[in-house]
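>>> Predicted model, plus sequence, below.
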Amino acid sequence: MTTQLFSHTVQHTLDLVGIFAFALSGGLLAVRKNLDLIGIAMLAEVTALGGGVLRDLVIGAVPPAAFTDNGYFFTPLVAAAVVCVLHPEVERINRSVQTLDALGLGLFAVTGTAKAHDYGLGAVASVALGVATAVGGGVLRDVLANEVPSLLRWDREIYAVPAMAASVLVAALIAAGALGPLTGTGAALVGFALRMLALRYGWRAPRAWHRNGSRTSEE
Amino acid sequence: MTTQLFSHTVQHTLDLVGIFAFALSGGLLAVRKNLDLIGIAMLAEVTALGGGVLRDLVIGAVPPAAFTDNGYFFTPLVAAAVVCVLHPEVERINRSVQTLDALGLGLFAVTGTAKAHDYGLGAVASVALGVATAVGGGVLRDVLANEVPSLLRWDREIYAVPAMAASVLVAALIAAGALGPLTGTGAALVGFALRMLALRYGWRAPRAWHRNGSRTSEE
Amino acid sequence: MTTQLFSHTVQHTLDLVGIFAFALSGGLLAVRKNLDLIGIAMLAEVTALGGGVLRDLVIGAVPPAAFTDNGYFFTPLVAAAVVCVLHPEVERINRSVQTLDALGLGLFAVTGTAKAHDYGLGAVASVALGVATAVGGGVLRDVLANEVPSLLRWDREIYAVPAMAASVLVAALIAAGALGPLTGTGAALVGFALRMLALRYGWRAPRAWHRNGSRTSEE
């Protein structure tokens, strides 16, 4: 969705894969919440493109990439159509969907961080916007579906931390003058791998420290 | 709220009528949710102006029109005051309010699409932003009121589809070099008529396809 | 967070105090909602910086100040860390936290109004953006936590009204050519004092007028 880290074709293909995976998760939540076709299409669009639009508004890259490339706009609609007809099947191959989603997570963290840096932002802000690119769409999806964002819940496997790892790596590579196709791919794969390990081993982030073991609630 | 499709006076008057109707729906929801006067005023403002502000941020038209024309800002406050005192009466003439709201829906879809095109966006993005102009405020209203957006619910008459029809018509008129006051009014009236027919005949969008008639839930 | 009303050092110190107080309220809500460390950090960031980011996007000051000053970014993380370990103690000194929060409220209303004016917005829009700077982060906090924004609820002490008072004062001072360090401080203190009085005496905004004393609901 951003800087020319990879060849245009490779970048664009990877973008569309990540967008498709994000859109599937938006569409599936819409089906679970019993929304209509409009709801399924809108949650697919918002989940897939929301993070990148947020980043582009903040760095002043208007109109955002999502509004200048029709492929970015139509891919979520394809995902929405797939979900409408095949949602039981898509739920059943959930592990494959999560794998594609993890690929998108790593990729968008990397390209988001690089694009923010291209627009002149510092290392800390670039990392923050890389993470926002990767996780922002999912947060908007949950807000529109009237749920506490999955990203913030203690009973879900970590999602932001793998994105942070990838973004911090990219910022370090930029600082070292070593960001290129190979190292960028490496950073994306680190994010991808951490997310997959988190899913496999149920890694969760802790909650606030409670001194006598009492939790505020076990919801 | 946007391009000079109509004479300035006509455009501005129509804008204010649409803004007033949208603001009424925001204020009424705030009363139903038992919010205070601040809540009523804020939901009125957000519902009336939110869609246009979103569009203007995306196309880079800052500050958004809502912040440069005091009429746009004060009209929702008038609507909020009306709702505060007369909400039972306003609820009772709900059909009239919905008619004004449908007028606003058609109008803002048309002017939103035209303004996005004026700022150099392509046909697909212009349609998307026309729809966002028309429906964005209502979505923000529902998110602030902590409800699933009415727009996305299967048990509500279609609202986005009439806006899409009007926006697509405008994009086609632009492509044909035929967008003018008359054809633009026609497109807005198509959106208006579709919404009124949807209300009258209870047109709803379908949900995802369930093969053996089972629904995920009948909430 | 904005215009050079005070000396840079004074302004920056005050900003960080206000940001810290806002972040504490975000972190505490995250703990109450049983979110994980990521959720605590994100709600702290969003509460502290969300209002200023909204204002900067609207006036076209991109990238927003929150993304150009690392102190603005790291202060909420410090507050989040404090909340993680000491949340029972922080809850216990709630009155002190509310005092700092009221200071931030008055300060951000003043600097937000002044910055919007600096960017060429009119008096009404500047007041609206001053209020948005002061209260926007808290609204985003509540939306992300899936709650009706505290700002809009009738059963909470007024929060927006003190910000409005401070912002209107600043707009009047600007119109009179009398905005300076002393008068600006005065306006901020008026906002601060009104909020403290509201907390002390339980001042609430009324709801919509109900003619026979019936309330839509007493939730």
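Nice, I can see it.
>>> Could you pull up the residues touching the residue of chain A at minimum distance from chain C?
Using Cβ to the nearest Cβ, the single residue of chain A nearest to chain C is residue A:152, 3.2 Å away. C-beta coordinates here come from the backbone N, C-alpha and C atoms, glycine included. Residue A:152 makes contacts with C:30, C:35, C:36, C:38, C:39, C:42, C:43, C:144, as judged by Cβ atoms under 8 Å, 6 or more residues apart in numbering or on different chains.
>>> Just these: which are in strands?
Secondary structure assignment by DSSP state E places none of the contacts of residue A:152 in strands.
>>> Can you pick out the most distant pair from the residues you listed?
C:36 and C:144 (13.5 Å; Cβ to Cβ).
>>> The two - which one has more neighbours?
Taking neighbours as other Cβ atoms under 10 Å in any protein chain shown, residue C:36 and residue C:144 compare with residue C:144 leading, 26 against 22.
>>> so how far is residue C:63 from the more buried one?
21 Å (Cβ to Cβ, to the nearest Å).
>>> cool, and residue A:90?
On the measure of Cβ to Cβ, residue A:90 and residue C:63 end up 38 Å apart.
>>> And residue A:187, by the same measure?
For residue A:187, the distance to residue C:63 - Cβ to Cβ - is 22 Å.
>>> Tell me which of these two has more neighbours.
Taking neighbours as other Cβ under 10 Å, residue A:187 and residue C:63 compare with residue A:187 leading, 27 against 21.
>>> pretty sure the more buried one is touching residue A:112, no?
No. When contacts are counted by Cβ atoms under 8 Å, residue A:187 is not listed as touching residue A:112 (11.6 Å).
>>> wait, what's in contact with the spatially closest residue to residue A:206 that is not a sequence neighbour?
Computed as Cβ to Cβ, 6 or more residues apart in numbering or on different chains, the closest residue to residue A:206 that is not its neighbour in sequence is residue C:37, at 5.8 Å. Counting by Cβ under 8 Å, 6+ apart, residue C:37 touches A:205, A:206, A:207, A:208, C:80, C:84.
>>> Give the other helices and strands that whichever strand or helix holds residue A:74 contacts.
Per DSSP states H and E, residue A:74 falls inside helix A:70-92. When contacts are defined as 3 or more Cβ pairs under 8 Å, 6 or more residues apart in numbering or on different chains; DSSP states H and E, helix A:70-92 packs onto helix A:8-32, helix A:37-59, helix B:123-144.
>>> who wins for proximity to residue A:179 among those?
Comparing those by Cβ to Cβ, helix A:8-32 comes nearest, at 14.0 Å.
>>> list the helices and strands the closest one packs on?
helix A:37-59, helix A:70-92, helix A:94-118, helix A:123-144.
>>> Adding mean pLDDT, write the ones you listed out as TSV.
TSV is the format used below for the helices and strands packed on helix A:8-32 (pLDDT from 0 to 100):
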stretch	mean pLDDT
helix A:37-59	97
helix A:70-92	94
helix A:94-118	94
helix A:123-144	97
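>>> any idea which of these is most buried?
helix A:37-59 (a mean of 27; mean count of other Cβ atoms under 10 Å in any protein chain shown).
>>> How about residue A:141: what's its closest non-neighbour residue?
Counting by Cβ to Cβ, 6+ apart, the residue nearest residue A:141 is residue A:47, at 4.1 Å.
>>> do the same with residue A:139
With Cβ to Cβ, 6+ apart, the residue lying closest to residue A:139 is residue A:149, at 4.6 Å.
>>> Might you report the residue contacts of residue A:84?
Applying Cβ under 8 Å, 6+ apart, the residues contacting residue A:84 are A:27, A:31, A:37, A:40, B:208, B:209.
>>> Now do the same contact list for the residue in chain A positioned nearest to chain B.
Per Cβ to the nearest Cβ, residue A:39 is where chain A lies closest to chain B, at 3.2 Å. Residues near residue A:39 by Cβ under 8 Å, 6+ apart: A:30, A:33, B:149, B:151, B:152, B:153, B:154.
>>> got it, and residue A:6?
A:14, A:181, A:184, A:185.
>>> What are the phi and psi values at residue A:207?
Dihedral pair for residue A:207: phi -100, psi -170, per degrees, to the nearest 10.
>>> Around chain C, which positions in chain A sit nearby?
Counting by Cβ under 8 Å from any Cβ of the partner chain, chain A comes close to chain C at A:57-60, A:119-122, A:124-125, A:128-129, A:139, A:143, A:146-149, A:151-154, A:158, A:160-161, A:204-209, A:211, A:215-217, A:219.
>>> Whichever of those residues end up buried, select them in PyMOL.
Restricted to buried positions by 16 or more other Cβ atoms under 10 Å in any protein chain shown, the PyMOL selection for these reads:
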select buried, chain A and resi 57+58+59+60+119+121+122+124+125+128+129+139+143+148+149+151+152+153+154+158+160+161+204+205+207+208
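>>> Find the residue at the geometric middle of chain A.
residue A:134 (3.2 Å; Cα atoms, centre = their mean).
>>> and the contacts of residue A:6, which of them are in strands?
Going by DSSP E, the strands hold none of the contacts of residue A:6.
>>> Chain A against chain B: which residues are in contact?
Residues of chain A lying near chain B (Cβ under 8 Å from any Cβ): A:30-40, A:42-43, A:53, A:57, A:62-64, A:67-68, A:70, A:73-74, A:83-85, A:87-88, A:143-146.
>>> let's see 7 Å
Contacts of chain A with chain B, taken as Cβ under 7 Å from any Cβ of the partner chain, map to A:31-40, A:42, A:57, A:62-64, A:67-68, A:70, A:73, A:83-85, A:87, A:143-146.
>>> Name all residues that make contact with residue A:105.
A:134, A:162, A:163, A:191, A:192, A:195 (Cβ atoms under 7 Å, 6 or more residues apart in numbering or on different chains).
>>> got the angle for the helix or strand where the third one lies vs helix A:123-144?
Read it as residue A:163. Using DSSP H and E, residue A:163 maps to helix A:160-175. Interaxial angle, helix A:160-175 versus helix A:123-144 (axes from the mean of the first three to the mean of the last three Cα atoms, to 10 degrees): 150 degrees.
>>> what's the pLDDT at residue A:8?
If you check residue A:8, the pLDDT there is 84.
>>> State the distance from it to residue A:15.
For residue A:8, the distance to residue A:15 equals 10 Å [Cβ to Cβ].
>>> Check residue A:33 too.
Residue A:33 is 27 Å from residue A:15, by Cβ to Cβ.
>>> still on that earlier bit, which phi and psi does the residue nearest to residue A:139 have?
phi -50, psi 130.
>>> got a list of what it touches?
Taking Cβ under 7 Å, 6+ apart, one finds A:139, A:142, A:143, C:144 in contact with residue A:149.
>>> The third one contacts residue C:143, correct?
Spelled out, it's residue A:143. Yes. Contact between residue A:143 and residue C:143 holds when scored by Cβ atoms under 7 Å: they sit 6.2 Å apart.
>>> Much appreciated, bye for now.
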